[in-house]
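K.L.:
have a look at this prediction, sequence included:
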Amino acid sequence: MRVRSAAIALLAALCPLGVVGAAPLDSLLAAIAAEEAAPAVRVRLFIKRGDVADVYYIDRIRPGRLRVLKNPRQNGLEMIVIEDRQWLRTASGWKSAPAPADAISQAAPSLAALLKNGLSSADERVEQDGGRVIEGEISWSASTTCKGKLRVRIGPSARPTFLNFDGECASKPTVFRQAMSYESGFVIDPPN
């Protein structure tokens, strides 16, 4: 009995996500749930489709605060959503309007749904720091069809820290690079 308890304790220590022998999809879904429960997240996203590259800075404070900047070095789109109000920066200044009921959840497609429906041939490895790397094939269809290789790094905190996609969307070479951090200490206020 003591040997078995020690073995279970050792396995729990070696599997920081708390899922012994879980499939890579289960590990990814647990990491996404942990990310969704985080009080704050900062995302830096690089997307290149064909010859067009865009950079997004996405900051989110739960509940109900989101800020998105697209191509900030080129004075691109900026949007702020706070609860039921949204602001969009235009060439003539900030415009305010009621936010759609699902504005924050619709800011990006559900990664969990994409993974459940499109991840295949995935494998997972534990890294020395206790984090995990999951790699596999993924495909999905929304307004276009995309397919390629996915690599996700889950940090020791059991939250995703880096996502990498190399493939094609609408028959164009496509690359996504997304880094996430979970430190708070930033604010999202209405614009002046």
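P.N.:
Arrived safely.

K.L.:
I32: neighbour count?
P.N.:
If you count neighbours by other CB atoms under 10 Å, I32 ends up with 18. Backbone N, C-alpha and C define where each C-beta goes, glycine included.

K.L.:
quick check: it touching L111?
P.N.:
Yes: look at I32 against L111 with CB atoms under 8 Å: they come within range, at 5.7 Å.

K.L.:
joint contacts of these two?
P.N.:
Shared contacts of I32 and L111, defined by CB atoms under 8 Å, 6 or more residues apart in numbering, are absent.

K.L.:
please name the residues that touch D129.
P.N.:
155-156.

K.L.:
in this structure, what helix or strand scores lowest on average pLDDT?
P.N.:
When the helices and strands of the chain are scored by mean pLDDT, DSSP states H and E, helix 2-14 comes last with a mean of 35.

K.L.:
can you name the secondary structure element that comes next after it?
P.N.:
helix 24-37 (DSSP states H and E).

K.L.:
CA atoms only for that next one - export them in PDB, please.
P.N.:
This file holds the C-alpha atoms of helix 24-37, laid out as PDB (Å, rounded to 0.1, in the frame of the first residue of the first chain):
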ATOM      1  CA  PRO A  24      -2.300  15.500 -26.100                       C
ATOM      2  CA  LEU A  25      -5.800  16.900 -26.800                       C
ATOM      3  CA  ASP A  26      -6.700  16.500 -23.100                       C
ATOM      4  CA  SER A  27      -3.600  18.400 -22.100                       C
ATOM      5  CA  LEU A  28      -4.300  21.200 -24.600                       C
ATOM      6  CA  LEU A  29      -7.900  21.500 -23.500                       C
ATOM      7  CA  ALA A  30      -6.800  21.700 -19.800                       C
ATOM      8  CA  ALA A  31      -4.300  24.400 -20.700                       C
ATOM      9  CA  ILE A  32      -6.900  26.400 -22.600                       C
ATOM     10  CA  ALA A  33      -9.300  26.100 -19.600                       C
ATOM     11  CA  ALA A  34      -6.500  27.400 -17.300                       C
ATOM     12  CA  GLU A  35      -5.800  30.300 -19.700                       C
ATOM     13  CA  GLU A  36      -9.500  31.200 -19.800                       C
ATOM     14  CA  ALA A  37      -9.600  31.200 -15.900                       C
END
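
K.L.:
quick one: buried residues of it?
P.N.:
24-25, 27-32, 34-35 (16 or more other CB atoms under 10 Å).

K.L.:
identify the residues contacting it?
P.N.:
By CB under 8 Å, 6+ apart, the list of residues contacting helix 24-37 reads 17-19, 22, 41, 111-112, 115-116, 119, 122-124, 132, 134, 136, 152, 154, 157-160, 180, 182.
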